[in-house]
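Enquirer: Everything below, folded, please.
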Amino acid sequence: MATTLTVRTLFISDLHLGTRDCQAELLSRLLRRVRPERLYLVGDVIDLIAMHRRAALPAQQQRLVARILRLARSGCEIIYIPGNHDAALRRLCGLKVHRVSIERRAIHETADGRRLLVSHGDEFDTHVRLAPWVMALGDGMHQFVLSLNRWVNRVRSALGMPYWSLSAAVKGRIGAAQRYVAQFEQAALHQAGREGLDGYVGGHIHQAGFRARDGVLYCNDGDWVEHCTALIERPDGRLALIDWQGEVIEHEPAMEAQPAGGRAQDDTDLVRA
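Expert: Got it, this is the predicted structure:
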């Protein structure tokens, strides 16, 4: 039997419930293994945009929603921060629905005393400087690769092989996608630093990873249509990325000691799932 992983905090985002790409079964498996004291749903949990075109919530996704609500009833504190695909729920910010608090953003304090800004991240899109035609082409290609991803993993499942993200592998080799990610990270780091915080946690770009700059830590928890990753905070405050099996992908990078009279200037390498 798999060992239960007790964590102080679990961050997940970009489930895109209501679409065929939502990996609800994999996330349900993770939630059977991980027992968080606090759960952040960091946006795009429900894809209201896609459901407006074609509403679909299959049984696996309904069971996932029920599991999350059972966590709330069992005493897990759940904070839901709507993203751009479930932005209509932002009108409910400040309310509690079925024991789930809905907030526009949050400041999370880790067990070791660090203060982290938590938001979905779509607010940083205006800081990304890519040509409109590149963004439109990228969105079209993304949807096409996601459809291929579904077929590839159906075949892999039939062969008894584990989930593998074709779309993540493809995006990792496209320069425009990597430039978008880098600019997004810089904008998030700048915002956290401007507010005097120790770091940032978000989603939105479907690219799990860490980056540290000038004493500020960037964390992206990934998504549940491509990478199937989550961010955890251990009881001592340390952060790590895990996959759908609950296995640690990468620990947060060590922060460089700050020199007297200023912050370190060198970036650490980006770690991606």
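
Enquirer: alpha carbons only for contacts and neighbour counts from here, please
Expert: Fine.

Enquirer: can you map out the strands along the stretch 1-150 of the chain?
Expert: With DSSP state E, counting those that start in this stretch as the criterion, the stretch 1-150 of the chain has strands at 5-12, 34-41, 77-80, 96-97, 100-102, 106-109, 115-118.

Enquirer: Please, where are all the helices along the stretch 151-273 of the chain?
Expert: Counting by DSSP state H, counting those that start in this stretch, the stretch 151-273 of the chain has helices at residues 166-171, 175-194.

Enquirer: Work out the gap between the longest one and the centre of the chain.
Expert: Yep, that's helix 175-194 we're talking about. 15 Å (C-alpha atoms, centre = their mean, to the nearest Å).

Enquirer: With stretch 85-97 instead?
Expert: Centroid displacement of stretch 85-97 relative to its chain, using C-alpha atoms, centre = their mean, is 18 Å.

Enquirer: Please point out which parts of that stretch sit buried.
Expert: For stretch 85-97, the neighbour count (16 or more other C-alpha atoms under 10 Å) marks 85-87, 89-90 as buried.

Enquirer: Now tabulate the residues you listed in JSON lines and tack on distance to Arg29.
Expert: Output for the buried residues of stretch 85-97, formatted as JSON lines (distance: C-alpha to C-alpha, whole Å):
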{"residue": "His85", "distance to Arg29": "24"}
{"residue": "Asp86", "distance to Arg29": "24"}
{"residue": "Ala87", "distance to Arg29": "27"}
{"residue": "Leu89", "distance to Arg29": "27"}
{"residue": "Arg90", "distance to Arg29": "29"}
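
Enquirer: Comparing the helices of the stretch 151-273 of the chain by mean pLDDT, which bottoms out?
Expert: The minimum mean pLDDT among those belongs to helix 166-171 (a mean of 59).

Enquirer: Any idea how many residues pack against Glu195?
Expert: 10 (other C-alpha atoms under 10 Å).

Enquirer: go on, the one 10 residues further on?
Expert: Taking other C-alpha under 10 Å as the criterion, the count of residues near Ile205 is 20.

Enquirer: Distance check, it against Ile107.
Expert: Counting by C-alpha to C-alpha, to the nearest Å, the gap between Ile205 and Ile107 amounts to 20 Å.

Enquirer: Could you do Leu31 as well?
Expert: 24 Å.

Enquirer: Please say which of these two ends up with more neighbours.
Expert: Leu31 (21 against 15).

Enquirer: tell me the contacts of the spatially closest residue to Ser13 that is not a sequence neighbour?
Expert: What sits nearest to Ser13 in space, not counting adjacent residues and going by C-alpha to C-alpha, 6 or more residues apart in numbering, is Val42, at 4.5 Å. Applying C-alpha atoms under 8 Å, 6 or more residues apart in numbering, we find Val42 in contact with 11-14, 80-83, 118-120, 202-203.

Enquirer: Quick check, pLDDT for Val42.
Expert: Value listed for Val42 in the pLDDT field: 98.

Enquirer: and what of the one 3 residues further on?
Expert: The pLDDT attached to Val45 in the predicted structure is 97.

Enquirer: pLDDT below threshold where in the protein?
Expert: 1-2, 127-154, 164-177, 256-273 (pLDDT under 70).

Enquirer: one more time with 90, if that's ok
Expert: Filtered on pLDDT under 90, the chain yields the residue ranges 1-6, 20-21, 49-50, 52-57, 125-182, 206, 226-227, 254-273.

Enquirer: Export the contacts of Val42 as JSON lines, with columns for neighbour count.
Expert: Compiled in JSON lines, the contacts of Val42 are given as follows (neighbours: other C-alpha atoms under 10 Å):
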{"residue": "Phe11", "neighbour count": "24"}
{"residue": "Ile12", "neighbour count": "25"}
{"residue": "Ser13", "neighbour count": "31"}
{"residue": "Asp14", "neighbour count": "30"}
{"residue": "Tyr80", "neighbour count": "27"}
{"residue": "Ile81", "neighbour count": "27"}
{"residue": "Pro82", "neighbour count": "28"}
{"residue": "Gly83", "neighbour count": "28"}
{"residue": "Val118", "neighbour count": "24"}
{"residue": "Ser119", "neighbour count": "26"}
{"residue": "His120", "neighbour count": "25"}
{"residue": "Gly202", "neighbour count": "30"}
{"residue": "Gly203", "neighbour count": "28"}
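
Enquirer: Cool, thanks, talk later.
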